[in-house]
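A.B. asks: let's see this in three dimensions:
(chains A and B)
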Number of protein chains: 2
Amino acid sequence: MCQLLGMNCNTPTDIMFSFEGFRRRGGITDHHADGFGIGFFEGKGVRLFHDDKPSANSPVADLVRAYQIKSENVIAHIRKASQGQTSLANTHPFMREMWGEYWLFAHNGHLIDFYPEQGEYYHAVGTTDSERAFCYILNRLRSRFAEKPDSDTLFDAVAALTHEIRRFGLFNFVMSNGDCLFAHASTLLHYIVRKAPFGKARLLDDDVMVDFSAVTTPNDKVSVIATLPLTRDETWSQLAVDELVMFRDGDIVRSDRPESPVYMSAEEGLAIARAVGVSV
Amino acid sequence: MCQLLGMNCNTPTDIMFSFEGFRRRGGITDHHADGFGIGFFEGKGVRLFHDDKPSANSPVADLVRAYQIKSENVIAHIRKASQGQTSLANTHPFMREMWGEYWLFAHNGHLIDFYPEQGEYYHAVGTTDSERAFCYILNRLRSRFAEKPDSDTLFDAVAALTHEIRRFGLFNFVMSNGDCLFAHASTLLHYIVRKAPFGKARLLDDDVMVDFSAVTTPNDKVSVIATLPLTRDETWSQLAVDELVMFRDGDIVRSDRPESPVYMSAEEGLAIARAVGVSV
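C.D. replies: Sure thing, here's the model as predicted:
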């Protein structure tokens, strides 16, 4: 299983603290070593970095850190190849344009025998189940809505498509159009909403501390989404199994959660990933 | 007028020598200082770097140099904003997926009152005439061909669309799907085909020399396309006004050239750009 990272904020925010812990899982503190990718929305534009080197010692990751890009929406992924050969075309996040907006998508999990009919608008370039799922979502949305629908209609449509696709297997994903960010858990996905009063936190994967009150204003609201919590000294929340949420302006604004939610332990989640042949 | 750079080869090749001269035009030896972008095909994937800093002192450009990416097809652009605000969404090259391939496009010039009807498949995200032209080309190709046509049919279709669009103004462009590379001149576009026996060349913009025989094999064929020649000690060819060519495997394989070709001097080309209000 690969690691996912997302950020959604109400003001452009530097993700480097979270990314620093996250990327160390790419080869130093964990075994996600087949490449990584990170996409930053800046206005309507996207800055996208892919690398097939382990993120812990990637010059691209060094650039990302040095560049201190501030963004309201970020999607990142560290890959341990489970399906499809390791190549740039198979590196998450994937990007497409829909309704005059760029969309980014990253997936961890494994979809079994997921080969939907080729859609009208979007074709996969690489060979992953993940890109096929992304193209399927976009094709279905675009076929149904020639223009972008209102936010609630969009959420309901993404929820219905997520229900369809997750029948094929593990489908943890994060997806954003630069405005809202969708996050869905089949197994493990955690999040934290940081807002005033801001405290301090220490990375789990590194001896680095940040005092958020020194780098924020009282109105800032920042949500960080990650496969597993990135910090100590803070209380992370967890998405239930089969829960889809939509973040906007740094907070959850919609949720589609099973009536009897189940929360998976990290051990269970990792064991399930192993059992279906997904590397962890 | 902005500067264009393209490379098409029969084997993955390091573009850094050409890029080094090219990028110095972004703020040191020339005035193209509103940002730059470069996209490298690697297999079916694309590595895309955009920066809104002048390319001569951009950390992204430093990374590109340090990384020594080898590619068979490269599209690059240095921007002096003439239309549309300077933003990441307006930074070339633009990218879309069509027929399961990524396509990159960069333009210099200025299209007057070019607002085609919104197409079915591709919408502009930013506000440039350039991205509208790219989306128009893709929409028309995709509407006509559900699957990728053969190479000659594709060239003829791109030529017909180029004839349509250039009626709106200056339309120098380079475009690639990772296999072939299209280049069209309204005013200035030069190219060189390097093949055995390889010689030496010195950058026009910098005191840097390269001995191509030391970094190539006898079978290599590398075409470099640029607004103005990048080297001394070599003979660059020029595209005629209104000439479209298609490169594949490092050489020109198709050309659509006016019956009485006109070749513009650099002075004329720059004067025309100034006259229509495009920065040079």
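A.B. asks: and A:S255, bridged to which residues?
C.D. replies: A:V245 (DSSP bridges).
A.B. asks: who's in contact with it?
C.D. replies: Neighbouring residues of A:S255 by CB atoms under 8 Å, 6 or more residues apart in numbering or on different chains: A:E243, A:L244, A:V245, A:M246. Every residue, glycine included, has its C-beta placed from N, CA and C.
A.B. asks: give me the phi and psi angles of the residue of the stretch 101-250 of chain A found nearest chain B.
C.D. replies: Using CB to the nearest CB, the single residue of the stretch 101-250 of chain A nearest to chain B is A:H123, 3.8 Å away. Backbone torsions of A:H123, given as degrees, to the nearest 10, read phi -120, psi 150.
A.B. asks: before we move on, what about A:P59?
C.D. replies: phi -70, psi -30.
A.B. asks: residue contacts, it?
C.D. replies: Counted by CB under 8 Å, 6+ apart, A:P59 has contacts A:D51, A:K53, B:L63, B:A66, B:Y67.
A.B. asks: one more time with 7 Å
C.D. replies: Each residue near A:P59 by CB atoms under 7 Å, 6 or more residues apart in numbering or on different chains is listed here: B:L63, B:A66, B:Y67.
A.B. asks: of all of the stretch 51-200 of chain A, which residue lies closest to chain B?
C.D. replies: With CB to the nearest CB, the shortest gap between the stretch 51-200 of chain A and chain B falls at A:L88, namely 2.8 Å.
A.B. asks: give the contact list for that residue.
C.D. replies: Contacts of A:L88 by CB under 7 Å, 6+ apart are A:H50, A:D52, B:E42, B:G43, B:G45, B:R47.
A.B. asks: so how far is A:T162 from the residue lying closest to the last one once chain neighbours are set aside?
C.D. replies: Distances taken as CB to CB, 6 or more residues apart in numbering or on different chains place B:F40 nearest to B:R47, at 4.6 Å, with adjacent residues excluded. Separation of B:F40 from A:T162 (CB to CB, to the nearest Å) stands at 34 Å.
A.B. asks: which one of the two is surrounded by more residues?
C.D. replies: Just comparing B:F40 and A:T162: by other CB atoms under 10 Å in any protein chain shown the higher neighbour count belongs to B:F40, 25 against 21.
A.B. asks: pretty sure the more buried one sits in a strand.
C.D. replies: Yes. Counting by DSSP: H, G, I helix; E, B strand; the rest coil, B:F40 falls inside a strand.
A.B. asks: distance check, it against A:T86.
C.D. replies: 17 Å.
A.B. asks: same deal with A:D14?
C.D. replies: Taking CB to CB, one finds A:D14 at 29 Å from A:T86.
A.B. asks: got it, and A:L141?
C.D. replies: A:L141 is 29 Å from A:T86, by CB to CB.
A.B. asks: and those two? which has more neighbours close in?
C.D. replies: Higher neighbour count among A:L141 and A:T86: A:L141, with 20 against 12, using other CB under 10 Å.
A.B. asks: contact partners for the more buried one?
C.D. replies: Neighbour list for A:L141: A:M98, A:A157 [criterion: CB under 7 Å, 6+ apart].
A.B. asks: tell me the SS of it?
C.D. replies: Reduced to three states with three-state DSSP, the structure at A:L141 is helix.
A.B. asks: so which bits of the stretch 101-250 of chain A are right by chain B?
C.D. replies: Within the stretch 101-250 of chain A, the positions adjacent to chain B are A:E101, A:Y102, A:Y121, A:Y122, A:H123, A:A124, A:V125, A:G126 by CB under 7 Å from any CB of the partner chain.
A.B. asks: A:V46 reaches A:E101, doesn't it?
C.D. replies: No. Counting by CB atoms under 7 Å, A:E101 is not a contact partner of A:V46; they are 9.7 Å apart.
A.B. asks: pick out whichever of these two has more residues nearby.
C.D. replies: Higher neighbour count among A:V46 and A:E101: A:V46, with 27 against 18, using other CB under 10 Å.
A.B. asks: just to revisit the earlier point, quick one: the contacts of A:S255 as a markdown table, columns for pLDDT too.
C.D. replies: Formatted as a markdown table, the contacts of A:S255 follow (pLDDT from 0 to 100):
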| residue | pLDDT |
| --- | --- |
| A:E243 | 98 |
| A:L244 | 98 |
| A:V245 | 98 |
| A:M246 | 98 |
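A.B. asks: tell me the two of those that are most distant?
C.D. replies: Greatest spatial distance among the contacts of A:S255 (CB to CB): A:E243 and A:M246, at 11.2 Å.
A.B. asks: hang on, the earlier thing: what is the residue nearest to B:R47 paired to in the beta sheet?
C.D. replies: B:R47, B:V74.
A.B. asks: tell me the contacts of it?
C.D. replies: With contact taken as CB under 7 Å, 6+ apart, B:F40 is in contact with B:V46, B:R47, B:I69, B:S71, B:V74.
A.B. asks: ok, A:Y122 next?
C.D. replies: Counting by CB under 7 Å, 6+ apart, A:Y122 has contacts A:R96, A:C135, A:L138, A:N139, B:E97.
A.B. asks: hang on, A:A133 in a strand?
C.D. replies: No. Counting by three-state DSSP, A:A133 is not part of a strand but helix.
A.B. asks: I figured it hits A:L111, correct?
C.D. replies: Yes. Shown here, A:A133 and A:L111 form a contact pair, counting by CB under 7 Å, at 6.1 Å.
A.B. asks: neighbour count: those two, which is higher?
C.D. replies: Using other CB under 10 Å as the criterion, A:A133 and A:L111 rank with A:A133 on top: 28 against 22.
A.B. asks: what's the separation between that one and A:S260?
C.D. replies: As for A:A133, its distance to A:S260 is 26 Å (criterion: CB to CB).
A.B. asks: over to A:P116?
C.D. replies: Separation of A:P116 from A:S260 (CB to CB): 30 Å.
A.B. asks: so for these two, which sits in the more crowded spot?
C.D. replies: More crowded of A:P116 and A:S260, by other CB under 10 Å: A:P116, with 14 against 6.
A.B. asks: with adjacent residues omitted, what lies nearest to that one?
C.D. replies: Nearest non-adjacent residue to A:P116 (CB to CB, 6+ apart): A:Y136, at 4.8 Å.
A.B. asks: so who does the one you found touch?
C.D. replies: Counting by CB under 7 Å, 6+ apart, A:Y136 makes contact with A:P116, A:G119, A:I165.
A.B. asks: lowest-confidence entry in those?
C.D. replies: When those are compared on pLDDT, A:G119 comes out lowest, with 93.
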